[in-house]
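Colleague: fold the following and give me the result.
(one chain, ligands or ions: 1)
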Amino acid sequence: MNLRDRPRRLRTDGIRPLVSETSLDASDLIAPVFVDATADERVPIETMPGHERVPVDEAVARVEEIRETGVEAVMLFGIPEAKDEVGSRAWARDGVVQEATRRVTRETDAYVITDVCLCEYTSHGHCGVLEDDAAEDPRLTVKNDETLELLTKTAVSQAEAGADMVAPSSMTDGMVGAIREGLDEAGYSDVPIMSYAAKYESAFYGPFRDAADGAPAFGNRRHYQMDPANAREAMREVRLDVEQGADVLMVKPALPYLDIVRGVREEFDQPVAAYNVSGEYAMLHAAADKGWLNLEEVALESLLSIKRAGADLILTYFAEDVADAL
Ligand code: PBG
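Modeller: Got it, this is the predicted structure:
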């Protein structure tokens, strides 16, 4: 045996940290928060252990709990008091996200990002204005161009409430450009846009749809979210968002799409975010519950993998736990 190359020399406890190529820090993480206008107390989300829907009155306290772990950025999702055909509570001045944003930005130092979408606010649960015969004809769902104006109003109302950054997630063609223009015209040219640029039509969103009560009443989101089979198309989607002024590029989900995270990292210079979605969280919890996996270890390994693939920031339900463990 004449082995000159022995990679194991660099795996002793003393040197591992020195040669580690990837590190994870609380400052890489964004914690999702669900604010529920219909709740008057915190309601645990069954499919996402450790997470709750909180009333507006509890939003500040919830964000402070997150900040105690070292995580400074939160993504707010809203469950409105009422839904209608167009989702008008999404852009209401006194809407649930607007109220929560106002309080959290005023009373804490958290960095507040708001989700810009209509599915939690529409009675049909789709992410935009419905086509006339959508319920009858499964090939039809939302009207793209008519939806742009509503998304823009939503983003502007969130900026007015104090949002530090807005994150459009509806996969409407042209949404980043429309929102950028709307924000600039309203005097919010300093508010960045984190676009859910490559968002797949994924079964991993299941627990979130329970949590945010945003499942489509009929049909699916295939007409606007991406086909999991496609990678080149993701680059095209991302390029369009970059051309329209996206500041941060998000890939969603994360773990089943690490090739896309890597592809976006290599092709573009903007910061890359990945959304470690509800199903990715729920499945690790379910296995850990059975005693089949060590939750803390698999959570850390998952987030490390997402960073290694090229993500600069990670939106994850593990944010608090992992930040605590670090
Ligand atoms: C809204 C939205 C969804 C998620 C984030 N924003 C649901 C969807 O598109 O169906 C899913 C997040 C998760 O699963 O954690 N458009």
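Colleague: hey, let's count contacts and neighbours off CA atoms from now on
Modeller: OK.
Colleague: just the helices in this protein please.
Modeller: Ranges of helices in the chain, per DSSP state H, are 16-19, 59-68, 96-107, 144-160, 175-185, 206-211, 232-243, 258-267, 278-289, 295-309, 319-325.
Colleague: which parts of the last one are buried?
Modeller: It refers to helix 319-325. By 16 or more other C-alpha atoms under 10 Å, the buried positions in helix 319-325 come out as 319, 320, 321, 322, 323.
Colleague: for residue 9, give me the pLDDT.
Modeller: Confidence at residue 9, expressed as pLDDT, is 95.
Colleague: adding mean pLDDT and distance to residue 80, write the helices of the chain out as a markdown table.
Modeller: Below are the helices of the chain laid out as a markdown table (pLDDT from 0 to 100; distance: least, C-alpha to C-alpha, whole Å):
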| stretch | mean pLDDT | distance to residue 80 |
| --- | --- | --- |
| helix 16-19 | 95 | 46 |
| helix 59-68 | 98 | 14 |
| helix 96-107 | 98 | 6 |
| helix 144-160 | 97 | 13 |
| helix 175-185 | 98 | 22 |
| helix 206-211 | 86 | 13 |
| helix 232-243 | 98 | 28 |
| helix 258-267 | 98 | 32 |
| helix 278-289 | 97 | 20 |
| helix 295-309 | 97 | 31 |
| helix 319-325 | 95 | 25 |
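Colleague: now render those helices as JSON lines, adding distance to residue 28.
Modeller: What follows is the helices of the chain, written out as JSON lines (distance: least, C-alpha to C-alpha, whole Å):
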{"stretch": "helix 16-19", "distance to residue 28": "18"}
{"stretch": "helix 59-68", "distance to residue 28": "13"}
{"stretch": "helix 96-107", "distance to residue 28": "20"}
{"stretch": "helix 144-160", "distance to residue 28": "23"}
{"stretch": "helix 175-185", "distance to residue 28": "23"}
{"stretch": "helix 206-211", "distance to residue 28": "22"}
{"stretch": "helix 232-243", "distance to residue 28": "21"}
{"stretch": "helix 258-267", "distance to residue 28": "15"}
{"stretch": "helix 278-289", "distance to residue 28": "17"}
{"stretch": "helix 295-309", "distance to residue 28": "9"}
{"stretch": "helix 319-325", "distance to residue 28": "9"}
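Colleague: contact partners for residue 66?
Modeller: 31, 72, 320 (C-alpha atoms under 8 Å, 6 or more residues apart in numbering).
Colleague: any idea which of those is the one closest to the ligand?
Modeller: residue 31 (10.7 Å; C-alpha to the nearest ligand atom).
Colleague: residues near that closest one, how many?
Modeller: 22 (other C-alpha atoms under 10 Å).
Colleague: so it touches residue 69, yeah?
Modeller: No. Counting by C-alpha atoms under 8 Å, residue 31 sits too far from residue 69 to count as a contact (10.7 Å).
Colleague: overlap in contacts, these two.
Modeller: Common neighbours of residue 31 and residue 69 (C-alpha under 8 Å, 6+ apart) are residue 320.
Colleague: and which of the contacts of residue 66 is nearest residue 207?
Modeller: Relative to residue 207, the closest of the contacts of residue 66 is residue 31; by C-alpha to C-alpha it sits at 15.9 Å.
Colleague: for that closest one, give me its contacts.
Modeller: Neighbours of residue 31 in contact, by C-alpha under 8 Å, 6+ apart: 66, 71, 73, 74, 75, 315, 316, 317, 318, 319, 320.
Colleague: same list (the helices of the chain) but as a markdown table, adding distance to the ligand.
Modeller: Output for the helices of the chain, formatted as a markdown table (distance: least, C-alpha to the nearest ligand atom, whole Å):
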| stretch | distance to the ligand |
| --- | --- |
| helix 16-19 | 31 |
| helix 59-68 | 17 |
| helix 96-107 | 14 |
| helix 144-160 | 12 |
| helix 175-185 | 13 |
| helix 206-211 | 4 |
| helix 232-243 | 16 |
| helix 258-267 | 16 |
| helix 278-289 | 4 |
| helix 295-309 | 15 |
| helix 319-325 | 13 |
